[in-house]
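Enquirer: Predicted model follows, preceded by the sequence.
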Amino acid sequence: MSAVADLMIGQLHSAVQAAQRSGELLGVIAFATSGALLAVRKNLDIFGMAVLACSTALGGGVIRDLLVGRTPPAAFTDLTYLTAALLVTLVIFFRHPSARLTRGPLEIADAIGLGLFCVTGTVVAYTHGVGAPSAALLGMVTAIGGGVIRDLLGGQVPSVLRPDQDLYAVPALFGAATTAVLLHFGVYQAWTGFLAASLAIAFRLLARRFQWRAPQARYPTG
């Protein structure tokens, strides 16, 4: 009976690992798409597109890995992610909407990457011995880090810092916190992780649709 239980636990662990890797790969593809589309808007050449796509797709994960002591970062030891980002660059280079029509696809791809990376980033941090609250913060960093790098390289103030932009970091923190709670209570599975990512994506898209923004400090009058 013990052997059967161990086998079932092992199979469940393998399934969760496979889902985690799939989520990371999908996040890389989504963020690489957003980086490449911004490059199209900025009229960059194919090298500039590759730089923006790879930086957006891998930057947040590299920051997270360095902070948790996972060296060298996974982006440099598993070339699957880099290859995926470069392939996305080629696809966008040959087939993309006109520069004036890239904003919608860019923001949708960015929301998908945000939702997936806030979950996978939290899981990676938690499995490397970081407590649940800190893991949630690192999950948020994983989700927004690539976008910050993309915006800086694209010559614009990062969306997460602009008061005229819809909520960005808050949906990422929401998804990361949800994942951290699931991990802390031992109920994280592939489908619950997917649900947390879906909620974060929906939160970000709703914030974009209804222009939800964080409150600003008011200047005193009189």
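Expert: Thanks, I have the structure now.
Enquirer: And residue 83, how close does it get to residue 61?
Expert: The gap separating residue 83 from residue 61 is 15 Å, by C-beta to C-beta, to the nearest Å. For every residue, glycine as well, the C-beta is placed using N, CA and C.
Enquirer: cool, and residue 78?
Expert: Residue 78 is 10 Å from residue 61, by C-beta to C-beta.
Enquirer: Comparing residue 83 and residue 61, which shows the higher neighbour count?
Expert: Comparing residue 83 with residue 61 by neighbour count (other C-beta atoms under 10 Å), the higher total belongs to residue 61, at 27 against 11.
Enquirer: how much space is there between that one and residue 147?
Expert: The span separating residue 61 from residue 147 equals 13 Å under the rule C-beta to C-beta.
Enquirer: repeat for residue 141
Expert: Shown here: residue 141 relative to residue 147, a distance of 11 Å by C-beta to C-beta.
Enquirer: any low-confidence regions in this structure?
Expert: 1-16, 18-19, 99-101, 221-222 (pLDDT under 70).
Enquirer: rerun that using 50 as the cut-off
Expert: 1, 4-12 (pLDDT under 50).
Enquirer: Tell me which stretches of it form helices.
Expert: 2-41, 46-68, 74-77, 79-94, 103-127, 132-153, 169-184, 190-210 (DSSP state H).
Enquirer: Would you mind saying which of these lies nearest residue 220?
Expert: With respect to residue 220, and counting by C-beta to C-beta, the nearest of the helices of the chain is helix 169-184 at 26.5 Å.
Enquirer: what's stretch 40-48 in contact with?
Expert: 39, 49, 52, 89, 92-93, 96-97, 99, 102-103, 106, 154-155 (C-beta atoms under 8 Å, 6 or more residues apart in numbering).
Enquirer: 6 Å instead, please
Expert: Stretch 40-48 is contacted by residues 39, 93, 96, 99, 102, 154 when judged by C-beta atoms under 6 Å, 6 or more residues apart in numbering.
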